[in-house]
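Dropping the sequence and predicted coords here.
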Amino acid sequence: MMTETLLSPELYQKNLDFWQRAWDMVKTPYTQMPDLDYIPRIPAALSNKQDSVLDLGCGSGWLSVFLARHGFKSYGVDVAEHAIELARSWASSENLDIEFSVQDICELEFPADSFGAIVANSIFEHLTYKLAEQCIASLKRVLKPGGVFIGCFDLVGTGPGEYFELDDQTHVYTDKGRQGMMLRCFSDEELASLFADWQIKELSKTSSGSRFLIASI
């Protein structure tokens, strides 16, 4: 197994290209809500409906739609253009006022203090540790003072396929089906370090073994 020290711009672009290819194969939005035990808890944790909520790596928009159905003003961002097209189609079909845009979650383009809350479901697993640090810094910039972050960090393994490993244990896949995709499992200690200057209100395990995090700035 080959190990590389740094994630090069070329490798990062291959990761972005993977998500473009993956979503280009999807014909319709995934309109069935996932059966995840922590999802019903999110609206209660975001009790201030006057604040807008950013859905990070929204895909075809199920979490954005879920939040809009509960009365929140939601925004969704994803790097894949076709995913955003699907999300807009879904929101339009339900007459939901959701704004979607194509953005890199590590370099958010919103002004400072734009959102009262940010949600991220199974997103950070596709970042290196350094990219996670960069992403979290971007989140802090666009959150309002006192803003809340809610995230689920999946307990992932290597999965099938061929890959090489970066020095932070991020797997970069090279097989045809997942070429360029990055996959990494963050430990509880790493999550505590990444959010060290936040107020961690909860860091718990879900029934599947994933970690559920609520933190504020």
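The structure has been received and is ready for your questions.

measure the residue nearest in space to the middle of the chain to residue 176 for me?
In the chain, the residue lying closest to the centroid (Cα atoms, centre = their mean) is residue 123, at 3.1 Å. Counting by Cβ to Cβ, to the nearest Å, the gap from residue 123 to residue 176 is 24 Å. (C-beta placed from N, C-alpha, C; glycine too.)

what's the answer for residue 43, then?
From residue 43 to residue 176 the distance is 40 Å (Cβ to Cβ).

what does residue 108 give?
In this view, residue 108 and residue 176 are 32 Å apart by Cβ to Cβ.

Show me where this structure has its strands.
Under the criterion DSSP state E, the chain contains strands at 3-4, 52-56, 73-78, 99-102, 115-121, 143-153, 163-166, 171-173, 182-183, 199-205, 211-216.

which strands and helices sit next to the fifth one?
I take that to be strand 115-121. Packing contacts for strand 115-121, counted by 3 or more Cβ pairs under 8 Å, 6 or more residues apart in numbering; DSSP states H and E, involve strand 52-56, helix 62-69, helix 129-142, strand 143-153.

Quick one, which of the ones you listed gets closest to residue 36.
strand 143-153 (7.5 Å; Cβ to Cβ).

For that closest one, list every residue counted as buried.
143, 147, 148, 149, 150, 151, 152, 153 (16 or more other Cβ atoms under 10 Å).

Looking at residue 108 and residue 176, which has the bigger crowd around it?
residue 108 (20 against 8; other Cβ atoms under 10 Å).

Contacts only, for the more buried one.
Residue 108 makes contact with 77, 138, 139, 141, 142, according to Cβ atoms under 8 Å, 6 or more residues apart in numbering.

pLDDT below threshold where in the chain?
Under the criterion pLDDT under 70, the flagged ranges of the chain are 1-6, 157-160.

need the longest helix for it.
helix 9-24 (DSSP state H).

That one - contacts with which helices or strands?
Partner elements for helix 9-24 (3+ Cβ pairs under 8 Å, 6+ apart): helix 81-93, strand 171-173.
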